[in-house]
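S.K.: sequence plus predicted model, see below.
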Amino acid sequence: MTLSQIAAIADLVAAAGVIASLIFVGLEMRKNAAQARLSNWFSVLGALREHKRRTDTHEMAAVVAAGRQDYAGLSEAEKIMFGNWMEEMLQAQEGLLQYSDVSVIQREQLVRTASANLRWHFGFPGCRDWWRDSNLASRWPKLLVTAVTEAITWNEAPDRP
């Protein structure tokens, strides 16, 4: 066997090694992406669960119930409590919207869920009044502001289903 034949065989072995390495890296990246999607989903679920736990106390549940119906009727301290609760709710819904492209759940399902949740919350007049009073539309991500605006518009439409 000549030196040039040995070099050609070495080149083939090296090329096969490179191909095998690329396949391995691709498989690892796919596995890491799947793990990241799962982690994102658990993060969103955690935010949703934590938000719901805020109303475990009677005082907080009473403020939320009153605020949903009549935000203007709340005391200043209650407005702060209700506002913080609403902001946390929005952040949890934002997680559904922001992670919709990198989640184990299909994007359409997450967006539909977030939209339905926002429609439900903003079906209450006090929640709509809080949103307008909070001035968050000028400070929050456009994706979330658009979703909230659509939910409010849907609820205030005279011919809604």
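M.R.: Yes, it's here.

S.K.: host element of Gln109?
M.R.: Element membership of Gln109, judged by DSSP states H and E, is helix 107-121.

S.K.: what residue is smack in the middle of the protein?
M.R.: For the chain, Gly95 is the residue whose C-alpha lies nearest the centre (Cα atoms, centre = their mean; 1.4 Å).

S.K.: in this structure, which spans are helices?
M.R.: Using DSSP state H, the helices of the chain run over residues 3-53, 58-69, 76-98, 107-121, 125-134, 142-156.

S.K.: can you lay out those as CSV showing mean pLDDT?
M.R.: Putting those into CSV (pLDDT from 0 to 100) gives the following:
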stretch, mean pLDDT
helix 3-53, 79
helix 58-69, 94
helix 76-98, 90
helix 107-121, 87
helix 125-134, 96
helix 142-156, 92
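
S.K.: distance of Asn32 relative to Gly26?
M.R.: Separation of Asn32 from Gly26 (Cβ to Cβ, to the nearest Å) stands at 11 Å. Heads up, the C-betas are built off the backbone N, CA and C, glycines and all.

S.K.: likewise Ser43?
M.R.: From Ser43 over to Gly26 (counting by Cβ to Cβ), the distance is 26 Å.

S.K.: more crowded one of those two?
M.R.: Ranked by neighbour count (other Cβ atoms under 10 Å), Ser43 and Gly26 place Ser43 first, with 13 against 10.

S.K.: quick check: closest non-adjacent residue to that one.
M.R.: The spatial neighbour of Ser43 that comes closest, neighbours along the chain excluded (Cβ to Cβ, 6 or more residues apart in numbering), is Gly95 at 6.8 Å.

S.K.: repeat that for Cys127.
M.R.: Spatial nearest neighbour of Cys127, chain neighbours left out: His121 (5.2 Å); criterion: Cβ to Cβ, 6+ apart.

S.K.: Ala147 - how many residues pack around it?
M.R.: For Ala147, using other Cβ under 10 Å, the count is 23.

S.K.: Leu110 now?
M.R.: 21.

S.K.: quick one: it from Ala47, how far?
M.R.: When Leu110 is compared with Ala47 (using Cβ to Cβ), they lie 13 Å apart.

S.K.: returning to what we had before: from Arg30, how far off is the residue nearest to Cys127?
M.R.: For His121, the distance to Arg30 - Cβ to Cβ - is 37 Å.
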